[in-house]
Every structure is written in C-alpha cells, then in structure tokens.
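J.: no sequence on this one, just coordinates:
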C-alpha cells in the first residue's frame with residue numbers, strides 16, 4: 001500500500017499497554033499503544049527501532065500479532081501487521097480465561113469512626 005492509501009484506514013485512538021518483541025531478541029518490551037487499526041498501530045516506547053524491523057505485539061484479547069516497523073520518529077513508531085486484526089477486541093474488557101481471576105477480595109470492613117455517624121468531641 002502506498003503512504004497516501006494508509007492515511008484513509010480508520011483508526012481508533014486509545015491508550016493500551018502491550019508487550020513487543022523485536023525479532024532476534026527474547027526480551028519483551030512494554031509499549032504504549034496510541035492508536036490501532038485493522039492493519040497496524042502507533043506505539044510509544046524508548047526503543048531503538050528502524051523501518052522494516054520484524055516485530056511481534058501481544059495485544060489484549062487478541063494475542064501475538066506479527067508485523068514490521070513501518071516508520072519511526074523519536075520514541076513513536078508505526079507497525080504494519082502481517083494479517084488484519086479486529087481492533088475492537090483490544091477495547092473490550094478482558095475475556096475470561098486462564099490467568100483471569102474468578103473472584104476478588106471482599107472489601108475491608110469500615111470502622112465506626114469512618115462511617116461519619118459517630119461524632120467525636122473536641
């Protein structure tokens with residue numbers, strides 16, 4: 001796709017954290033996803049990437065997506081996916097599965113002084 005065609009793809013602005021792996025490196029880097037579309041994303045992180053670098057991105061509710069760096073400027077860079085994704089999935093709440101808690105802690109008891117129905121003499 002030419003650069004002029006890329007600008008017409010619908011994007012969702014959002015702020016989501018994701019993990020990114022550069023090919024040849026076993027290290028995962030935490031990146032901020034600034035916008036997301038079916039064909040790619042814009043990320044922000046203090047990483048040194050160059051155009052064409054193959055990457056994998058672990059997106060919430062989607063999993064690992066293969067792609068390549070399309071552009072890089074300072075700490076922001078674009079990634080073009082190898083296959084289209086459904087960006088709406090990344091916006092939804094976490095889908096229950098392995099690693100998703102099935103319960104939460106009970107709230108802490110409120111002391112009678114915190115309720116406000118007991119006045120204290122000064």
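T.: That came in fine, so what should we check first? What you see is a predicted model; the values in this text were computed from it and never measured.
J.: partners of the residue nearest to residue 76 when sequence neighbours are not counted in the sheet?
T.: Distances taken as CB to CB, 6 or more residues apart in numbering place residue 44 nearest to residue 76, at 5.0 Å, with adjacent residues excluded. Every residue, glycine included, has its C-beta placed from N, CA and C. In this entry, residue 44 is beta-bridged to residue 32, residue 76, by DSSP bridges.
J.: the one 10 residues further on too?
T.: Following DSSP bridges, residue 54 is listed with bridge partners residue 68.
J.: neighbours of it, how many?
T.: As a burial measure, residue 54 scores 14 neighbours (other CB atoms under 10 Å).
J.: wait, isn't it in contact with residue 70?
T.: No: the pair residue 54 / residue 70 is not scored as a contact, 11.8 Å apart, by CB atoms under 8 Å.
J.: state the distance from the closest residue to residue 81 other than its chain neighbours to residue 122.
T.: Nearest residue to residue 81, sequence neighbours excluded (CB to CB, 6+ apart): residue 67, at 4.4 Å. Distance, residue 67 to residue 122, using CB to CB, to the nearest Å: 64 Å.
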